[in-house]
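[1] need a 3D model of the following:
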Amino acid sequence: MMTFLIVVGVLTALALLFLLPSLLGKGKAMAAIDRDGLNASIARERLAALEAEFEQGVMEEDAYQVARDEIERGLLDDVDAQGEQTTQQGGAWAHWSPVVVAALVPALSIWLYLQLGDPDAIDRAVATPQAATVPTASGNPHNAGDASAMPPIADLAAKLAAKMEKDPENLEGWVMLARTYDVLEQYANAASAYQMARSLSPEDPDLMVNLAESLAMSSEGSLQGQPRELIDQALKANPQHGKALWYAGMARFQTGTEYREAVDMWMLLLVQMDESTEAFGQVAEIIREASGYGGFEPPLAARVDTLPTIQASPMLAQAEVESPPKPATQPAAAKGAAIKVSVSLGAEMASRIAPGDTLFVYARALQGPRMPLAIVRVTAADLPFETELNDAQAMMPAMRLSNFSQVVVGARISKSGQAIAQEGDVFGEVSPVDVTAGSKVEIVMDQVK
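    Presented below is the predicted three-dimensional model:
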């Protein structure tokens, strides 16, 4: 609070330093200008009338000259007398106005800020000048220090939500609220806000895609069902919508059977991109990988293998979806990062599975995208099961075990055979697991989704 008052005092003094000199001279100058202007206007009107009478022959020349001289002398006398009186009156206000301003400006400023602001925020900021910023489990940065040092986003979202209840026709407000919920990872609330925005602009492809994204994130990344329908609607409205093409490809890639359709979508995206950009290389890599899953040659003019090594793209970070597993034939294990995994089934879970159910063993980033960094697919009949997760099982070159220091290692039994987690799946996870050549993990699947 003391810091706030000092700051207010200094800023007020600086403001008055520029303001008061003008106020001290303003009354006199303005009074003189206003009075002179008024007298000159009256004199011009009287002279114009006098000249009209003279020209019409109503007045003789001698009388005209006498009357003209009287008007000019009267103007000078009036300016002297009235100018002195007005200057005195203006000077009185000019004398007191700086005092009033100097007193009221800081008083009103302090009163308003105490009513509407947070004076102690400055002291808190001084006490914690550079709070560390660390990523959360989802990869979003948040303040790791005193949470009160910054206005809580959740509070802002609550205030905006209350405002939208009173102003439900505000399209931009609903979009802003939805984006705020996305930042808070409240994806179901974000989807509801996007629904309200769509009710005001139902043909907007951006809103369709954003709604699909929030719905998918609230369903552990699955783009099937309503999200896919919304994405396809967005493409009908705008066949070149980049984000819609990306998610359309991901939706088809997730099924494990529509690899060619996924590649077709991503090719439509690729032809819109600059070949010199990093994003172009990332999409081209994904097309090559998806073509490999489908067992056909990638429809690219040049070999993607020659592209430089790239990091995880922002698109992949946005998607945050699990992808289908590698085919049964795996390439030789890459040197370096590897985790040995032993998987067993909890005794109470035996009645929930069948030998033909699919068993996925996977590793994903502890922080960031949920896409598997390595994945192995077998059947429940192979339990208990041992395997090694390594870079050779990466879904995409940019998302490898060796690119992360810590991961989550898990195993899941799927009756549907889909890599996307479903209700009723039996699973188990261990985290955090350090990514080193000698890491070993034992997983007991004793939980039900």
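[2] wait, a strand at residue 409?
    Yes. Using DSSP: H, G, I helix; E, B strand; the rest coil, the assignment for residue 409 is a strand.
[3] wait, is residue 373 part of a helix?
    No. The assignment for residue 373 by three-state DSSP gives strand, which leaves it out of any helix.
[4] count the residues that sit near it.
    The burial count assigned to residue 373 is 29, neighbours taken as other CB atoms under 10 Å. For every residue, glycine as well, the C-beta is placed using N, CA and C.
[5] hmm, residue 364 and it touching each other?
    Yes. Under the contact definition of CB atoms under 8 Å, residue 373 touches residue 364, with a separation of 5.9 Å.
[6] quick check: neighbours shared by the two?
    Overlap of the contact sets of residue 373 and residue 364 (by CB atoms under 8 Å, 6 or more residues apart in numbering) consists of residue 407.
[7] tell me how far residue 388 lies from residue 250.
    Here residue 388 is placed at a distance of 28 Å from residue 250 (CB to CB, to the nearest Å).
[8] of the two, give the one with the bigger neighbour count.
    Relative neighbour count places residue 250 above the other of residue 388 and residue 250, with 27 against 16, counting by other CB under 10 Å.
[9] for that one, report the pLDDT, please.
    The per-residue pLDDT reported for residue 250 equals 89.
[10] how close does it sit to residue 262?
    7 Å.
[11] and residue 358, by the same measure?
    With distances taken as CB to CB, residue 358 is found 20 Å from residue 262.
[12] so which of the two has more stuff around it?
    Summary of the neighbour comparison: residue 358 and residue 262, criterion other CB under 10 Å, with residue 262 having more neighbours (23 against 18).
[13] now residue 354: closest residue in space, sequence neighbours ignored.
    In space, and not counting its chain neighbours, residue 354 is closest to residue 380: 6.7 Å by CB to CB, 6 or more residues apart in numbering.
[14] that neighbour and residue 349 touch, don't they?
    No. Judged on CB under 8 Å, residue 380 makes no contact with residue 349 at a distance of 10.3 Å.
[15] number of residues surrounding residue 201?
    Taking other CB under 10 Å as the neighbour definition, residue 201 ends up with a count of 13.
[16] show me where pLDDT drops low in the stretch 251-400 of the chain?
    Counting by pLDDT under 70, the stretch 251-400 of the chain has low-confidence residues at 300-336, 368-371, 395-399.
[17] would you map the helices across it?
    When secondary structure is read from DSSP state H, counting those that start in this stretch, the stretch 251-400 of the chain shows helices at 259-270, 278-294, 314-319.
[18] pull out the buried positions in the second one.
    Judged by neighbour count using 16 or more other CB atoms under 10 Å, the buried positions of helix 278-294 are 279-291, 293-294.
[19] so who does the residue lying closest to residue 270 once chain neighbours are set aside touch?
    What sits nearest to residue 270 in space, not counting adjacent residues and going by CB to CB, 6+ apart, is residue 283, at 5.1 Å. Residue 283 makes contact with 266, 269, 270, 273, 315, according to CB under 8 Å, 6+ apart.
[20] redo that, cut-off 7 Å
    Contacts of residue 283 were listed using CB atoms under 7 Å, 6 or more residues apart in numbering, and they are 266, 269, 270, 273.
[21] cool, and residue 343?
    So, once contact is read as CB under 7 Å, 6+ apart, residue 343 ends up touching 361, 383, 384, 385, 411, 443, 445.
[22] just the mean pLDDT for stretch 55-73, thanks.
    Across stretch 55-73, the average pLDDT comes to 64.
[23] wait, residue 427 touches residue 408, no?
    No. Checked against CB atoms under 7 Å, the pair residue 427 and residue 408 is beyond contact range at 11.4 Å.
[24] got the phi/psi numbers for the closest residue to residue 446 other than its chain neighbours?
    Leaving aside its sequence neighbours, residue 446 sits nearest to residue 346 (CB to CB, 6+ apart; 3.1 Å). The main-chain torsion angles of residue 346 are listed as degrees, to the nearest 10 and equal phi -60, psi 140.
[25] count the neighbours of residue 346 for me.
    In terms of burial, residue 346 registers 14 neighbours under the definition other CB under 10 Å.
[26] number of residues surrounding the nearest residue to residue 239 once chain neighbours are set aside?
    Leaving aside its chain neighbours, residue 239 sits nearest to residue 268 (7.7 Å; criterion: CB to CB, 6+ apart). Number of residues near residue 268 (other CB under 10 Å) recorded here: 18.
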